[in-house]
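Engineer: this one's sequence-less:
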């Protein structure tokens, strides 16, 4: 294989790209202190380049209640008014982001807590008002995701911990869907890294039978996902999660898995039998 | 001067170090929307490498009150209990840090909002309990300030915006004095940059007569500061500010100035007649 090294040197680009693990965790892990600590211990021990995107948690709703800010929901989605964007910025980009970063540091993992506006990592625009005005909610400007800065941070041995907050060109802070954010980062980095994107949640994967934890569907693709939506196997909160995962796969992300947070090490090590892998 | 370039190349170190402006702003600017916006506009327009350390604001006290958390003060200093470290992390490292970062981005200045734990930028330890237990308050581990990561960020054209929060090796978040933090960063970077450290506040400098804005004392040093403390010219909140500034000067920071936030551009441009310059 000596020849390979020669070619690599010649074209100035490695033939085998460095692996990069991008994990996304949400409310079910963040709100459970033991589950979060266990997940972060596992993540810290995984070798190689890593990146973590986290969602919010019940804390934002609790804090809103304490501050007397009413939570407005339309079709199950939170409306982000002026008071709410302040609360989610405090909770997501402040407390949750820095707690996770501090915990990773304590586990000898050099984390750096950031959000989408920092270094223009993940630029966004305010979502245009159609039937519903979602308020200070952002849509990611996919082509502008700053893969250069991400690469520099990773090359410095850092683990970026990303909160689901970004901003627009006018300096407004925006609330971003964390699943979408993880997908956008994976898409931006997959030309430069061999990316594994793992959507961690509280199930072992996409279950054929929601009451049977062992009924994990090992692989799905756009076509089979459509059939599973039709028959109700993919429903409710799983629909946007699967759609984000499929979008990442179709955009070229090398490996996208939906699985249990406690299996992150197994999934990262490409062991069989863990999670649902998305295929084109 | 051709010879100089030759020497530079030979010893691998520039003879003239790149200038770096480190500005620190506190509650009086942060809590005044117009003053903050005007300051950030001026800062964004200053050429060269820059770094901003910000303090807190009344918002932390307001939020504590809304949440029913009592503010405990001993000798004019806040006690940071468990509930309070959560509030200050949310307010300082969350809302204030990201608002400033977003506003700088909107002014075409590529800011990156961070706190002391991120990338182990400014490691700290919990302050040992002596007469008073200050709770989750940290003392900076000066020799461990991560000048390498700061240099990498600055080389990437980024303006680090630093919140006065850090953490210890056990993963605990700690409240840090922002004046001290700015001084520690300046000390860590002065071997690599030609640093100007500016403590911005709401006066034109150290005033000989507190009622006369034009009575700015242009220069002080350790000896004259001692005399000014004795006669009461330096009193109350100015004492720790001057002490931090003198410490930075004595530790080798090239230029340390205490001045009005609205004069930041004049001070950065080394114009005469602005602020009080600290000397060894």
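Structural biologist: Noted; the coordinates are in hand. The shown structure was predicted, so the numbers you read here are calculated from the model rather than taken from an experiment.
Engineer: How many residues are close by the residue of the stretch 1-150 of chain A found nearest chain B?
Structural biologist: The nearest approach of the stretch 1-150 of chain A to chain B comes at residue A:94, 2.0 Å away (CB to the nearest CB). C-betas here are computed from N, CA, C, even on glycine. Neighbours of residue A:94 under the rule other CB atoms under 10 Å in any protein chain shown: 32.
Engineer: and the residue nearest to it when sequence neighbours are not counted, helix, strand or coil?
Structural biologist: With sequence-adjacent residues excluded and distances taken as CB to CB, 6 or more residues apart in numbering or on different chains, residue A:94 is closest to residue B:94, at 2.0 Å. Following DSSP: H, G, I helix; E, B strand; the rest coil, the label given to residue B:94 is helix.
Engineer: Contacts only, for residue B:94.
Structural biologist: Residue B:94 sits next to A:89-95, A:97-98 when contact means CB atoms under 8 Å, 6 or more residues apart in numbering or on different chains.
Engineer: One more: residue A:29?
Structural biologist: Counted by CB under 8 Å, 6+ apart, residue A:29 has contacts A:35-36, A:39, A:200-202, A:261.
Engineer: Residue A:37 against residue A:104, yeah?
Structural biologist: No - counting by CB atoms under 8 Å, residue A:37 stays clear of residue A:104, with 10.7 Å between them.
Engineer: out of the two, which sits in the more crowded spot?
Structural biologist: Just comparing residue A:37 and residue A:104: by other CB under 10 Å the higher neighbour count belongs to residue A:104, 24 against 14.
Engineer: you'd agree that one is up against residue A:42?
Structural biologist: No - assessed by CB under 8 Å, residue A:104 is found out of contact with residue A:42, at 11.4 Å.
Engineer: Enumerate the residues of the stretch 101-250 of chain A near chain B.
Structural biologist: Proximity of the stretch 101-250 of chain A to chain B (CB under 8 Å from any CB of the partner chain) is limited to residues A:101-103, A:105-107, A:110-115, A:117-120, A:149, A:152, A:156, A:158, A:165, A:167, A:169-173.
Engineer: could you flag which of those residues are buried?
Structural biologist: Buried members of those, counted by 16 or more other CB atoms under 10 Å in any protein chain shown: A:101-103, A:105-106, A:110-115, A:117-120, A:149, A:152, A:158, A:165, A:167, A:171-173.
Engineer: Go through those residues and flag which are in helices.
Structural biologist: In helices, judged by DSSP state H, the following of these are found: A:101-103, A:105-106, A:149, A:152.
Engineer: Contacts only, for residue A:99.
Structural biologist: Neighbouring residues of residue A:99 by CB under 8 Å, 6+ apart: B:89, B:173.
Engineer: rerun at 7 Å
Structural biologist: residue B:173 (CB atoms under 7 Å, 6 or more residues apart in numbering or on different chains).
Engineer: and if you look at residue A:245?
Structural biologist: Neighbours of residue A:245 in contact, by CB under 7 Å, 6+ apart: A:199, A:256, A:258, A:278.
Engineer: which of these lies closest to residue B:273?
Structural biologist: residue A:199 (59.3 Å; CB to CB).
Engineer: right, and the closest one touches residue A:241 too?
Structural biologist: Yes - contact criterion CB atoms under 7 Å: residue A:199 and residue A:241 qualify, at 6.0 Å.
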